[in-house]
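S.K.: from the sequence below, what's the structure:
(one chain, ligands or ions: 2)
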Amino acid sequence: MSEQKIIDGKAFAAKLRTKIAAQVAVAKSKHGFTPGLAVVLVGEDPASKVYVRNKGEQTKEAGMASFEYKLPESTSQAELLALIDKLNKDAAVHGILVQLPLPKQIDSQAVINAIDPDKDVDGFHVVNAGRLATGGKGLVPCTPFGCLLLLKDLLGDLAGKHAVVIGRSNIVGKPMAQLLLNESCTVTIAHSKTRDLPGEVRRADIVVAAVGRPEMVKGDWLKEGAVVIDVGINRIERDGKGKLVGDCDFQSCLPKVSAITPVPGGVGPMTIALLLNNTLIAAARQKGVEL
Ligand SMILES: Nc1nc(=O)c2c([nH]1)NC[C@@H]1CN(c3ccc(C(=O)N[C@@H](CCC(=O)O)C(=O)O)cc3)C=[N+]21
Ligand SMILES: [Mg+2]
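M.R.: Ligands and ions are numbered 1, 2, ... in the order given. Below is the predicted model of the structure:
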């Protein structure tokens, strides 16, 4: 059980943020603009508040402008759409993120599709999903993008690898499968109706777990030497204490894998780093410059 099996997403993300900060400095000194990210939080979900605070802090650390909008739980869809319209028109805002989930009176997909696709740094707009599916130049969802960078850093060329993505959400599973397909992997998308999930996972060189079920994937489901990317972030109680665990049972998986991401410290920090990267990409495109 060697140490280096455990992928240090936190360190990788920190390195990426250093590179981003250097490019932000060039945007300012050479091109005279500051990339700006607006994050909109509706309601009081405590977990969401933590993520939004981390995003704001890391945005400023990278030298970007951070705009935070905190709206009450009772906000109507019309009020939220009015804010999006204002941010779409604001030249200082190059990226817009509306924190999910939204309160139930609001149709999330309608809100996401109201964001200017070129400012949609989550990559959730239907136009960006379409661009990803058809090989266009869009904005790629942060979590799958971060997972892909970790995999390429570890394995280099991914062509011909068998990847099993567990989970079919629009925000992780589907775009992850698309990215792996674009890298010429053979991709299986598994989900709650998949027959014999352990059997599917056993064929995988690469497993991406994004189901939101604590410790579901067991070590005996894995092929010897598989690479496991654990996207799950589940808060559980164990021995009377709150604990953060992934979708993979880390203890049983570790002896079987060639590499695995931990939770915390794996995919989570990459998601925020890729959000900053997307903001930089969006800003550079809006300004028509190469950084
Ligand atoms: N429009 C939208 N875009 C998102 O990207 C989005 C969202 N809504 N809603 C909530 C989820 C969740 N999310 C995380 C980001 C970073 C960590 C992260 O940095 N986690 C750390 C620490 C976790 C902790 O200690 O709580 C880690 O895994 O090491 C986790 C979760 C982004 N999300
Ligand atoms: Mg994201």
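
S.K.: contact partners for residue 221?
M.R.: Shown in contact with residue 221 (C-beta atoms under 8 Å, 6 or more residues apart in numbering): 197, 198, 201, 202. Every C-beta, even on glycine, is put in place using the N, C-alpha and C of the backbone.

S.K.: of those, which is the nearest to ligand 1?
M.R.: Ligand 1 lies nearest to residue 201 out of the contacts of residue 221, by C-beta to the nearest ligand atom, at 22.1 Å.

S.K.: how many neighbours does the closest one have?
M.R.: 23 (other C-beta atoms under 10 Å).

S.K.: which one of the contacts of residue 221 is nearest residue 110?
M.R.: residue 197 (33.3 Å; C-beta to C-beta).

S.K.: how about the contacts made by the closest one?
M.R.: Here residue 197 is in contact with 166, 190, 221 (C-beta under 8 Å, 6+ apart).

S.K.: average pLDDT for the helix or strand where residue 279 lies?
M.R.: Secondary structure assignment for residue 279, by DSSP states H and E: helix 267-287. The average pLDDT within helix 267-287 is 98.

S.K.: that one packs against which elements?
M.R.: helix 9-31, strand 36-42, helix 46-61, strand 95-98, helix 142-155 (3 or more C-beta pairs under 8 Å, 6 or more residues apart in numbering; DSSP states H and E).

S.K.: hmm, 10 Å instead?
M.R.: Applying 3 or more C-beta pairs under 10 Å, 6 or more residues apart in numbering; DSSP states H and E, one finds that helix 267-287 contacts helix 9-31, strand 36-42, helix 46-61, strand 65-71, strand 95-98, helix 142-155, strand 227-230.

S.K.: in the protein, where is pLDDT below threshold?
M.R.: For the chain, applying pLDDT under 70 flags the ranges 1-3.

S.K.: so which residues on it come close to ligand 2?
M.R.: 122, 142 (C-beta under 5 Å from the ion).

S.K.: repeat that for 6 Å
M.R.: 122, 141, 142, 143, 271, 275 (C-beta under 6 Å from the ion).

S.K.: what's the burial count for residue 76?
M.R.: Residues near residue 76, counting by other C-beta under 10 Å: 12.

S.K.: just give the nearest non-adjacent residue to it, would you?
M.R.: residue 105 (6.7 Å; C-beta to C-beta, 6 or more residues apart in numbering).

S.K.: go on, residue 138?
M.R.: Using C-beta to C-beta, 6+ apart, the nearest residue to residue 138 is residue 131, at 3.1 Å.

S.K.: check contacts around that neighbour.
M.R.: 117, 123, 125, 137, 138, 139, 140 (C-beta atoms under 10 Å, 6 or more residues apart in numbering).

S.K.: and what of residue 34?
M.R.: By C-beta under 10 Å, 6+ apart, the neighbours of residue 34 are 24, 27, 28, 63, 64, 65, 92, 94, 283.

S.K.: let's go with 6 Å and repeat that
M.R.: When contacts are counted by C-beta atoms under 6 Å, 6 or more residues apart in numbering, residue 34 touches 28, 65.

S.K.: which strand or helix spans it?
M.R.: Going by DSSP H and E, residue 34 is not in any helix or strand.

S.K.: domains in this structure, as residue ranges please.
M.R.: As given by automatic domain parsing, the domain ranges for the chain are 31-126, 142-269.
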